[in-house]
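K.L.:
Show me the folded form of this:
(one chain, ligands or ions: 1)
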Amino acid sequence: MRKPIIVGNWKMNKTIAATKAFVEAVDPEVTDKADWGIATPYLALQTAKAGAKNLIVAAENVHFKDSGAYTGEVSVEMLKEIGVEWVILGHSERRQYFGETDETVNAKMIQVLKNDMTPIVCVGETLEQYEAGTTKDVVKTQVVAAYKDVCPKCAARSVIAYEPVWAIGTGKTATNEIAQDVCGYIRSVVAELYGQEVADQVRIQYGGSVKPEGLKALLEQPDIDGALVGGASLVEDSYKAMIAALD
Ligand SMILES: O=C[C@H](O)COP(=O)(O)O
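P.N.:
Purely as a prediction, here's the structure:
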């Protein structure tokens, strides 16, 4: 039985002060119905960690090298020093705006997993690809590339987020049937790579305009084990409504 995992991806939102207020308001409400988390900008991670007793605190990115001349980047060691053990990799916004590729996502996967951190690796098709009917080809390519040279034990403890790019921040949600179909397919790709036992352990999230009112039905889908939530994770009451929705 896979425990649901709901993570708010704050993207480039919230100051340190706003992060502190959010964690104070939300952390005590967290239940054991799911693993609950927030991914914050680097600057707010320490504040979030200091206040979070229940919430997972994740970074939104990390570099694939240990250290060196990579201006503006943050290493795994730096995250681990402040107790951050989770990281989102390959979000479509990083692929779209910051040159993230399947190859860099793979290098980051290896770096994160070998340092005993947990990646939430994002895959998903653009509107154009969706309309061309190539969704499954696209996500398969992304999954196969992300897991290149990743050992089965490491793969089993990773999380995959399926986020159709056309549903991110647009208010357009994939229907639960579409989301289930693709998440089920992703699990079958993991099974092809590692066997069914590993595929059964990997948690797969859906992301893209998830709202508190839709969360329960989404999680009833057999291959959807959680959500990566943007906009609806930013407001305390909305995050609390997600927690309440699973009670
Ligand atoms: O990582 C989260 C996703 O990009 C979804 O964002 P959204 O819930 O605002 O559509």
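
K.L.:
tell me the secondary structure for residue 160?
P.N.:
Following DSSP: H, G, I helix; E, B strand; the rest coil, residue 160 is assigned to strand.

K.L.:
which residue sits closest to it in space, ignoring its chain neighbours?
P.N.:
residue 204 (4.9 Å; C-beta to C-beta, 6 or more residues apart in numbering). Yep, even glycine has a C-beta here, placed from its N, CA and C like the rest.

K.L.:
which residues does the one you found contact?
P.N.:
159-162, 183, 186-187, 223-226 (C-beta atoms under 8 Å, 6 or more residues apart in numbering).

K.L.:
Tell me where this protein has strands.
P.N.:
5-9, 35-40, 56-59, 86-89, 118-123, 159-162, 203-207, 226-229 (DSSP state E).

K.L.:
Which of the ones you listed sits closest to residue 235?
P.N.:
Across the strands of the chain, residue 235 has its closest neighbour in strand 5-9 (9.9 Å, C-beta to C-beta).

K.L.:
what's the angle from that closest one to strand 203-207?
P.N.:
Angle of strand 5-9 versus strand 203-207, following axes from the mean of the first three to the mean of the last three C-alpha atoms, to 10 degrees, is 40 degrees.

K.L.:
Give me the sheet partners of strand 5-9 and which way each runs.
P.N.:
In the sheet, strand 5-9 lines up against strand 35-40 (parallel), strand 226-229 (parallel) (DSSP bridges).

K.L.:
What mean pLDDT does the shortest one get?
P.N.:
Right, the one you point to is strand 226-229. For strand 226-229, the mean pLDDT works out to 98.

K.L.:
So which residues make contact with it?
P.N.:
4-9, 34-35, 88, 120, 122, 159, 161, 163, 203-207, 210, 215, 218-219, 242.

K.L.:
Extract the CA atoms of that strand and return them as CSV.
P.N.:
Output of strand 226-229 as CSV, limited to C-alpha atoms (Å, rounded to 0.1, in the frame of the first residue of the first chain):
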residue,chain,number,x,y,z
GLY,A,226,-0.5,12.0,-4.6
ALA,A,227,-0.3,15.5,-6.1
LEU,A,228,2.2,18.2,-6.9
VAL,A,229,0.2,21.3,-6.3
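
K.L.:
Quick one: neighbours of residue 107, just the number.
P.N.:
17 (other C-beta atoms under 10 Å).

K.L.:
And for the one 3 residues further on?
P.N.:
Counted by other C-beta under 10 Å, the residues lying close to residue 110 total 19.

K.L.:
what sits against residue 14?
P.N.:
22, 40-41, 44, 234.

K.L.:
Which single one of those is nearest to residue 104?
P.N.:
Nearest to residue 104 among the contacts of residue 14, with distances taken as C-beta to C-beta, is residue 41, at 19.6 Å.

K.L.:
And the spatially closest residue to the closest one that is not a sequence neighbour, how far from residue 177?
P.N.:
Spatial nearest neighbour of residue 41, excluding adjacent residues (C-beta to C-beta, 6+ apart): residue 12 at 6.1 Å. Using C-beta to C-beta, to the nearest Å, residue 12 is found at 32 Å from residue 177.

K.L.:
ok, now residue 86?
P.N.:
29 Å.

K.L.:
rewinding a little: using a markdown table, lay out the strands of the chain together with distance to the ligand.
P.N.:
Formatted as a markdown table, these follow (distance: least, C-beta to the nearest ligand atom, whole Å):
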| stretch | distance to the ligand |
| --- | --- |
| strand 5-9 | 3 |
| strand 35-40 | 8 |
| strand 56-59 | 11 |
| strand 86-89 | 7 |
| strand 118-123 | 7 |
| strand 159-162 | 7 |
| strand 203-207 | 4 |
| strand 226-229 | 4 |
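
K.L.:
Please identify the most buried of the strands paired with strand 5-9.
P.N.:
Most buried of the strands paired with strand 5-9, by mean neighbour count (mean count of other C-beta atoms under 10 Å): strand 226-229, with a mean of 28.
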